[in-house]
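Engineer: Here is a sequence with its predicted model. Questions after.
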Amino acid sequence: MKRYNITVNGKTYDVAVEEIGSDSAAPAVSSPAPAAAPAPAAAPAAPVADGTKVTAPMPGTVLDIKVAVGDTVDAGQPVAILEAMKMENDVNSPCAGKVISVNTTKGSSVETGEVLAVIG
């Protein structure tokens, strides 16, 4: 763990950060105030019998679908663009493969965890 002093809006916070790949399993600790959660970079992946689900990381509106059924995608390639809290967020493929299904449409509202596409 590394310790840092961070100043936000004039308040200084003592923060301990765990290094990725370290053997320590202790969670990061901040004090005296709660830390804001960072926005997810990619949709969580859940393997299924027919492929890997690409799910919405947050509630929002689908601005664009970047893939179609049958397209080949690489890991990290944008699958959809989701607008949440006036910000556009790329929802990326968690794995390489072929798009088996697209489960949403442009302009639709989605909730956290809703399946946007399936990659096989």
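Structural biologist: Ah, there it is. Residues are numbered from 1 along each chain as shown.
Engineer: helices and strands of the protein: which one has the lowest mean pLDDT?
Structural biologist: Of the helices and strands making up the chain, the lowest-confidence element is strand 45-48, at a mean of 47, by mean pLDDT, DSSP states H and E.
Engineer: Report the beta-bridge partner residues of the closest residue to G60 other than its chain neighbours.
Structural biologist: Setting aside the residues directly before and after it, G60 is nearest to A84 in space (C-beta to C-beta, 6 or more residues apart in numbering), at 3.4 Å. C-beta coordinates here come from the backbone N, C-alpha and C atoms, glycine included. With DSSP bridges as the criterion, the beta-bridge partners of A84 are M87.
Engineer: In this structure A84 contacts L63, no?
Structural biologist: No. Using C-beta atoms under 8 Å, A84 makes no contact with L63, being 10.1 Å away.
Engineer: Of these two, which one has the most company?
Structural biologist: In this view A84 and L63 are compared by other C-beta atoms under 10 Å, and A84 has more residues nearby, 16 against 13.
Engineer: Quickly note the distance from that one to V118.
Structural biologist: Here the criterion is C-beta to C-beta, to the nearest Å. By it, A84 lies 22 Å from V118.
Engineer: go on, T72?
Structural biologist: Between T72 and V118 the distance, using C-beta to C-beta, works out to 14 Å.
Engineer: Those two: which has the busier surroundings?
Structural biologist: Of the pair T72 and V118, V118 is the one with more neighbours under other C-beta under 10 Å, namely 20 against 11.
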